[in-house]
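Student: Sequence and predicted model, in that order:
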Amino acid sequence: MIEIKNLCKSFGNKQVLNNINIQFEHGKVYGIVGENGAGKTTLFRCIAGLEDFEGEIQATKTPLKNHLGLLFTDPFFFPKLTGKEYIQLLCNAREIDLGDIEARNVFDLPLNQYASTYSTGMKKKLAITAILLQENDYFILDEPFNGVDIQSNIIITEIIQKLKELEKVVLISSHIFSTLSATCDEIHLLKDGQIIRSVEKPEFDMLENEMKEIVMENRIDRLGLK
Amino acid sequence: MLNNLLIIPNTAIFSNQTNNLKSYFSIQIKIAARKFLDFGVHPVLGVLLILVGFIAFSEYLFHQISFAAYLFAFVSLTFTSALSAQKRNDFLQLCFPEKRYKSVRTIENTLASLPFVIFLVYKQNLLVAVILLFISLLFAWSNFRTNFNFTLPTPFYKKPFEFIVGFRKTILLLIGACFIEFIALSVNNFNLGIFALAIVFLIVLTFYTTPENEIFVWNFIVSPTKFLLSKIKIALFFSSLLSLPFVATLVSFYPEKYLIILATWLIGFMLIITVILAKYAAYPSEMNLPEGIVIALGLSFPPLLLIFAPYFYFKAIQKLKPYLP
């Protein structure tokens, strides 16, 4: 479990997260949605311990960061490092002995090629593979479906279901609502640094419609398309 | 004036064919000025320092090594070849029409090689100067596009990303160092051999000058002390591996000078340790002027490294604590 109490985070005068109180249970998948700049990535960085913050973040397994698999929207890759070496690097950091990496290459990635030459989707799949092989208990997946082909989308969705079965805690952020409704047990709507709405599966459609209304207003009319 | 330097005009001007090359080069000057400022040095002072450093290093090189002209040309071509990188040239080709693109590249490479050419002329190495200028211009008209898919194997599989990445990036320089060592032994020039060994260490130092993305530190599950010790252990082991052939050949050719060879080796290791610690002392920022000055002092008087290394160590521990609590 991850428990967040009174989490606040500011960058200078700008309050990015404002009194977040939330609990993430084992065996559940949580979606975090919100506009660009709503504070999703900052929330994830605070949970990972990559930002200073006010408030408390506690987890059953401590230190949390040693059991956390963190997928950024735009993962970083060293030039001239192969896919295999990238996985090896991240697993060595966690003292995990991998054995045969090729056998666990579920996305059929060209692991002997330089990772920096991969396409956007391949890079994302490589980063996902690496954090899965780290044998983490907590997962934060920031936009895991971005740039990924339809086949891999299906595989990622199945992986998330498997993680849920294995009693892991999974947090996902995505701009594609359908992917969240297919994978999540709960979705939290973040706006201006606050969680303004939390819903469970039966209410996902309602939340999507509400978000549409909030987002759209009369924007299309303002274009004056003829 | 400095404020003017820092305002970059809209890059869309490049697409406007009526604009002249002046805009492009004025932007390059502004970018360079910003790099100096980021480093904590006023641009004018920075240029002066580089100029003085260049002249001092060149004089030293020509004074110490009989084959300095070739080495000089090699260093110059390393700089100019970097300007032919594929992504950079793709961008320039998108910005400029074909003729103007060629002009930009010709001017760039001429400017990059000019200090070296002038120094070679001053040292009366006219032929090398002319060949250098010619090759630099050839580089201007070529684009280092690689379509083949080849992964360079390294002996560093599994552990240190610094050596895997660094080795692949600097393989040509390492081959260059081997070549210099070969020349040193064939012309019986001990100093040149020591210089080749020093180049290997300087190459290894470049593996550790840029801070890695924070995720690659955050991922570790060890304490800052263990993290630093493991980085140092790996660096020492693999730099020994890289430098051992140089040391072994030098000792076998000049057994009477084994103390100088071992001292160079030891200083190289001390420098590597200091640079690793300085890198994490500045982490997650890049090493800046204070670290640069301290390392330069250490280079000029190596015993100082014994004082600087512990200083950087304690600073590095503090900087790593947020990532490795």
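Tutor: It's in.
Student: Kindly report the residues of chain A close to chain B.
Tutor: A:48-50, A:52, A:63, A:65-66, A:70, A:72, A:75-76, A:78-82, A:85, A:88-90, A:92-95, A:112-114, A:117, A:134 (CB under 8 Å from any CB of the partner chain). C-betas here are computed from N, CA, C, even on glycine.
Student: Kindly recompute the last result at 7 Å.
Tutor: A:48-50, A:63, A:65-66, A:70, A:76, A:78-82, A:85, A:88-90, A:92-95, A:112-114 (CB under 7 Å from any CB of the partner chain).
Student: where in chain A is pLDDT low?
Tutor: Applying pLDDT under 70 to chain A flags no residue at all.
Student: what is the most centrally placed residue in it paired to in the beta sheet?
Tutor: Nearest residue to the geometric centre of chain A (CA atoms, centre = their mean): residue A:141, 1.8 Å. Counting by DSSP bridges, residue A:141 is bridged to residue A:71, residue A:172.
Student: Would you mind confirming that it is in contact with residue A:168?
Tutor: No - using CB atoms under 7 Å, residue A:141 is not in contact with residue A:168; the gap is 11.2 Å.
Student: all helices of chain A, in order?
Tutor: A:40-48, A:83-93, A:120-133, A:150-165, A:177-183, A:204-216, A:219-223 (DSSP state H).
Student: in the last one, what's buried?
Tutor: Across helix A:219-223, burial judged by 16 or more other CB atoms under 10 Å in any protein chain shown covers no residue at all.
Student: Next: the fourth one.
Tutor: Of the residues in helix A:150-165, those buried by neighbour count under the rule 16+ other CB under 10 Å are A:152, A:153, A:155, A:156, A:159, A:160, A:163, A:164.
Student: what about the residue lying closest to residue A:28 once chain neighbours are set aside, distance to residue B:164?
Tutor: Counting by CB to CB, 6 or more residues apart in numbering or on different chains, residue A:185 is the residue found nearest to residue A:28 once chain neighbours are left out, at 4.6 Å. To residue B:164, residue A:185 is 41 Å away according to CB to CB, to the nearest Å.
Student: same thing with residue A:55?
Tutor: Distance from residue A:55 to residue B:164, by CB to CB: 40 Å.
Student: Between these two, which has more neighbouring residues?
Tutor: residue B:164 (26 against 15; other CB atoms under 10 Å in any protein chain shown).
Student: my read is that one is in a helix, agree?
Tutor: Yes - using DSSP: H, G, I helix; E, B strand; the rest coil, the assignment for residue B:164 is a helix.
Student: Ignoring the adjacent residues along the chain, who's closest to residue B:154?
Tutor: residue B:167 (4.8 Å).
Student: Give me the secondary structure label for that neighbour.
Tutor: helix.
Student: Now do the longest helix along chain B against helix A:83-93: the angle between them, please.
Tutor: As assigned by DSSP H, the longest helix anywhere in chain B is helix B:224-253. Between helix B:224-253 and helix A:83-93, the angle comes out at 120 degrees (axes from the mean of the first three to the mean of the last three CA atoms, to 10 degrees).
Student: So helix B:224-253, near chain A or not?
Tutor: No - interface with chain A: helix B:224-253 contributes nothing (CB under 7 Å from any CB), its closest point being 9.4 Å away.
Student: for that helix, packing partners?
Tutor: helix B:171-186, helix B:190-207, helix B:258-282, helix B:305-320 (3 or more CB pairs under 7 Å, 6 or more residues apart in numbering or on different chains; DSSP states H and E).
Student: and the second one, anywhere near chain A?
Tutor: No - under the criterion of CB under 7 Å from any CB, helix B:190-207 makes no contact with chain A; the nearest approach is 11.2 Å.
Student: I'd like the next helix or strand past that helix.
Tutor: helix B:215-218 (DSSP states H and E).
Student: what comes up buried for the longest helix of chain B?
Tutor: B:224, B:227-228, B:231-232, B:234-236, B:238-239, B:242-243, B:246-247, B:249-250.
Student: closest to chain A among these?
Tutor: residue B:227 (9.4 Å; CB to the nearest CB).
Student: what sits against the residue nearest to the centre of chain A?
Tutor: Contact partners of residue A:141, counting by CB atoms under 7 Å, 6 or more residues apart in numbering or on different chains, are A:71, A:170, A:171, A:172.
Student: Looking at those, which is nearest chain B?
Tutor: For those, the nearest to chain B is residue A:71 (9.9 Å; CB to the nearest CB).
Student: Please work out how many residues are found near the nearest residue in space to residue B:215 that is not next to it in sequence.
Tutor: Leaving aside its chain neighbours, residue B:215 sits nearest to residue A:76 (6.3 Å; criterion: CB to CB, 6+ apart). By other CB under 10 Å, the residues close to residue A:76 number 14.
Student: Please apply the same query to residue A:98.
Tutor: Neighbours of residue A:98 (other CB under 10 Å): 17.
Student: sorry, back to before: most neighbours among the contacts of residue A:141, which one?
Tutor: Neighbour max across the contacts of residue A:141 (other CB under 10 Å) = residue A:170, 27 neighbours.
Student: That one contacts residue A:159, doesn't it?
Tutor: No - between residue A:170 and residue A:159 there is no contact under CB under 7 Å: 9.6 Å.
Student: coming back round to it: verify the contact between the residue nearest to residue B:215 and residue B:212 for me.
Tutor: No - at 8.5 Å, residue A:76 does not count as touching residue B:212 under the criterion of CB under 7 Å.
Student: I'd say residue A:94 and residue B:221 touch.
Tutor: Yes - contact criterion CB under 7 Å: residue A:94 and residue B:221 qualify, at 5.6 Å.
Student: show me where pLDDT drops low in chain B?
Tutor: Checking chain B against pLDDT under 70 turns up B:1-20, B:66, B:143-149, B:157-159.
Student: Let me see the domain layout of it.
Tutor: B:21-140, B:161-320 (automatic domain parsing).
Student: out of those domains, deepest packed?
Tutor: domain B:161-320 (a mean of 18; mean count of other CB atoms under 10 Å in any protein chain shown).
Student: Next up, the contacts around residue 197.
Tutor: Looking at chain A here, since you left the chain open. Residue A:197 neighbours (CB under 7 Å, 6+ apart): A:189, A:207.
Student: oops, I was thinking of chain B
Tutor: B:243, B:246, B:247, B:250, B:264.
Student: Sweet, I'm off.
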